[in-house]
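Participant: Sequence first, then the predicted structure:
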Amino acid sequence: KLDDKVELIKVLSDIKFYTREYLNDLINMTKYIELLMREKAPISDEIIGKLEILLHKIRKENM
């Protein structure tokens with residue numbers, strides 16, 4: 001679930017072992033989600049869309 005920030009951070013941390021090409025993007029996104037968590041801010045639809053695209057790219061990298 002993308003709306004559970006703690007679980008999302010855990011998943012993104014696990015995924016970093018599956019990418020080289022998008023590692024910096026993944027790290028930056030993880031840091032941004034951590035910031036949202038600290039500020040108790042919601043994850044916007046725009047960020048969810050960017051996450052979905054990033055995860056799709058990482059999935060394709062591993063095909």
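Facilitator: Yep, that arrived. Residues are numbered from 1 along each chain as shown.
Participant: which parts of the helix or strand hosting residue 12 are buried?
Facilitator: With elements taken from DSSP states H and E, the one containing residue 12 is helix 5-15. When burial is assessed from 16 or more other CB atoms under 10 Å, helix 5-15 yields the following buried residues: 5, 8, 9, 12, 15. From N, CA and C alone the C-beta is placed, and that goes for glycine too.
Participant: cool, and stretch 13-23?
Facilitator: Applying a neighbour-count criterion of 16+ other CB under 10 Å, one finds 15, 19, 22 buried in stretch 13-23.
Participant: Quick check: phi and psi at the last one.
Facilitator: This points to residue 22. As for residue 22, its main-chain torsions (degrees, to the nearest 10) stand at phi -110, psi 20.
Participant: for the second one, same thing?
Facilitator: With angles defined as degrees, to the nearest 10, residue 19 shows backbone torsions of phi -140, psi 140.
Participant: measure it to residue 44 for me?
Facilitator: For residue 19, the distance to residue 44 under the criterion CB to CB, to the nearest Å works out to 23 Å.
Participant: Please apply the same query to the first one.
Facilitator: Distance, residue 15 to residue 44, by CB to CB: 20 Å.
Participant: rewinding a little: tabulate the buried residues of stretch 13-23 in CSV, adding columns for pLDDT.
Facilitator: Rendered in CSV, the data for the buried residues of stretch 13-23 read as follows (pLDDT from 0 to 100):
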residue, pLDDT
15, 96
19, 96
22, 98
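Participant: ok, of the residues you listed, which one's closest to residue 38?
Facilitator: The shortest gap between residue 38 and any of the buried residues of stretch 13-23 belongs to residue 15, at 21.2 Å (CB to CB).
Participant: Was I right to think that closest one contacts residue 55?
Facilitator: Yes - A contact is recorded between residue 15 and residue 55 when judged using CB atoms under 8 Å, the distance being 7.3 Å.
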